[in-house]
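Peer 1: let me see the structure of the following:
(2 chains)
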Amino acid sequence: MKKTLFMVLMSLVTVALAAPVALAEEAAAAAAGAVDHKSIYSWVALGSGLGIGLAALGTGIGQGIAANGAVEGISRNPGASGKIMTTMIIGLAMIESLAIYALVVVLIMLFVNPYKIF
Amino acid sequence: MKEAPLFIHSIPIGSWQVPPFIIYTWLVMAILIIISLIVRRNLQEVPGGLQNFIEMFIGGLKDFTINTMGKHGMDYFALIGTAAFFILLSNLLGIIPGFESPTANLNTTAACAVTVFASTHVVGLSKHKFKYIKHFMGPVLWLAPMMFFIEVIGHIARPVSLSLRLFGNIKGEDLVVLILFMLVPLLIPSVMLGLAIFTSFVQTFVFVLLTMLYISGAMEEAH
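Peer 2: Residues are numbered from 1 along each chain as shown, chains lettered A, B, ... in the order given. So this is what the prediction gives:
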């Protein structure tokens, strides 16, 4: 199990390191002075995937800790479960908003094309 | 990226094409005003039907306001109730196919957030007059210049976070349902539609709660 996980991770790292080399050929083939949007878009795709993935990672850990605290509080004191659940929902929405900020940045990168000016 | 099919895409008024989120804002306004006028026409002691249904919402909101803000929170119930009903109805409207949420656009959510931000400062200034500046000074006097910058940045972060949180959640749900429809049109999007209903209620709740916290924070004495 550990060996297959190691092989999978090594192949992912190899692909990630080889990607700029493969993309550099396409960029060199573009006309001088004109912007090759295809080569820029490959970086945008990479950035979007990494951005939202890392945001989801942090949100998952944070919300897990919040839910852990809430469940422990309810188990100690079942009478206060209404207040504890309300506070938990508020905390989850607050933590989720950080992932939403990352989502908004990724949507700007993908759909608003701020790199058109270059 | 294909757009979602709407009933009304844009209405030209004069030489300007009215975008769909403004048209659906008018629709939400019309629904709220018509329902209010219908319920207000014959108010009964023992309510039945539509009046009972609306009183359920308003009673719950009133209890929540008094729990969070105290007795004098009812002075601001007009702003809080309007924000709650407008945002709730706008969020839920986008789930119906053919309609689009007005809150799925940054203009609408920024308008709500700037209104709340302005009202907190108006409340603070009208209650404390010039001593409102003490809210920005911090606990000790000689820390005041540094604390002023930190408090101003924190205050500017409030409307930004309010608008972006609401916009990102509702637009994100919209996009996820749209993309799922493009991928698997059969049964999977209904799961995301259920999540969209849940998110609409939670985002309304969080917006209203933060409004109440900001207003009560401006009303209380500075530390």
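
Peer 1: okay, CA-based contacts and neighbour counts for the rest of this
Peer 2: Noted.

Peer 1: who in chain A is up against chain B?
Peer 2: Within chain A, the positions adjacent to chain B are A:I89, A:I90, A:A93, A:S97, A:I100, A:Y101, A:L103, A:V104 by C-alpha under 8 Å from any C-alpha of the partner chain.

Peer 1: so the third one is in contact with B:F205, correct?
Peer 2: Right, the one you point to is A:A93. No - A:A93 is beyond contact range of B:F205, at 9.6 Å (criterion: C-alpha atoms under 8 Å).

Peer 1: anything in contact with each of the two?
Peer 2: Contact with both A:A93 and B:F205 is made by no residue, according to C-alpha atoms under 8 Å, 6 or more residues apart in numbering or on different chains.

Peer 1: and the worst-scoring helix or strand of chain B on mean pLDDT, how far out from the chain middle?
Peer 2: Ranked by mean pLDDT, DSSP states H and E, the helix or strand of chain B with the weakest confidence is strand B:11-13, at a mean of 77. In this view, strand B:11-13 has its centroid 27 Å away from the chain centroid, taken as C-alpha atoms, centre = their mean, to the nearest Å.

Peer 1: which strands and helices sit next to whichever helix or strand comes after it?
Peer 2: Downstream of strand B:11-13, the next assigned helix or strand under DSSP states H and E is strand B:16-18. Counting contacts by 3 or more C-alpha pairs under 8 Å, 6 or more residues apart in numbering or on different chains; DSSP states H and E, strand B:16-18 packs against strand B:11-13.

Peer 1: tell me which other helices or strands the strand it packs on touches.
Peer 2: Under the contact criterion of 3+ C-alpha pairs under 8 Å, 6+ apart, strand B:11-13 touches strand B:16-18.

Peer 1: out of the residues of chain A next to chain B, which one sits closest to B:G70?
Peer 2: Of all these, B:G70 sits closest to A:I90, with 19.3 Å by C-alpha to C-alpha.

Peer 1: can you pull the contacts of that closest one?
Peer 2: Residues counted as contacts of A:I90 (C-alpha under 8 Å, 6+ apart) are B:V206.

Peer 1: sticking with it, tell me its helix or strand.
Peer 2: A:I90 belongs to helix A:81-107, assigned by DSSP H and E.

Peer 1: flag every buried residue along that helix.
Peer 2: A:81, A:84-85, A:88-104, A:106-107 (16 or more other C-alpha atoms under 10 Å in any protein chain shown).

Peer 1: what mean pLDDT does that helix have?
Peer 2: Mean per-residue pLDDT for helix A:81-107: 90.

Peer 1: can you check stretch A:111-118 too?
Peer 2: Per-residue scores along stretch A:111-118 average to 70.

Peer 1: where does B:A111 sit, in terms of helix or strand?
Peer 2: Going by DSSP H and E, B:A111 is part of helix B:106-128.

Peer 1: give me the neighbour count for B:Y214.
Peer 2: B:Y214 has 18 neighbours, counted by other C-alpha atoms under 10 Å in any protein chain shown.

Peer 1: what is whichever strand or helix holds it packed up against?
Peer 2: For B:Y214, the element it lies in under DSSP H and E is helix B:188-219. Packing partners of helix B:188-219 (3+ C-alpha pairs under 8 Å, 6+ apart): helix A:81-107, helix B:50-69, helix B:77-93, helix B:106-128, helix B:144-183.

Peer 1: pull the longest helix from chain A.
Peer 2: Looking across chain A with DSSP state H, the single longest helix is helix A:37-76.

Peer 1: pull out the buried positions in it.
Peer 2: Buried, per 16+ other C-alpha under 10 Å, within helix A:37-76: A:39, A:44, A:48, A:51-52, A:55-56, A:59, A:62-63, A:66-67, A:70-71, A:74.

Peer 1: and the angle from it to helix A:81-107?
Peer 2: 170 degrees (axes from the mean of the first three to the mean of the last three C-alpha atoms, to 10 degrees).

Peer 1: ok, B:V18 - contacts?
Peer 2: B:S10, B:I11, B:P12.

Peer 1: model confidence for it, exactly?
Peer 2: Turning to B:V18, the model gives it a pLDDT of 87.

Peer 1: what's the neighbour count on B:G168?
Peer 2: Applying other C-alpha under 10 Å, I find that B:G168 has 25 neighbouring residues.

Peer 1: what does chain B put close to chain A?
Peer 2: So far as C-alpha under 8 Å from any C-alpha goes, chain B lies against chain A at B:L164, B:R165, B:G168, B:N169, B:G172, B:V202, B:Q203, B:V206.

Peer 1: B:V208 versus the nearest residue to the last one once chain neighbours are set aside, what's the distance?
Peer 2: By the measure of C-alpha to C-alpha, 6 or more residues apart in numbering or on different chains, the closest residue to B:V206 outside its immediate chain neighbours is A:I90, 6.4 Å from it. Separation of A:I90 from B:V208 (C-alpha to C-alpha, to the nearest Å) stands at 11 Å.
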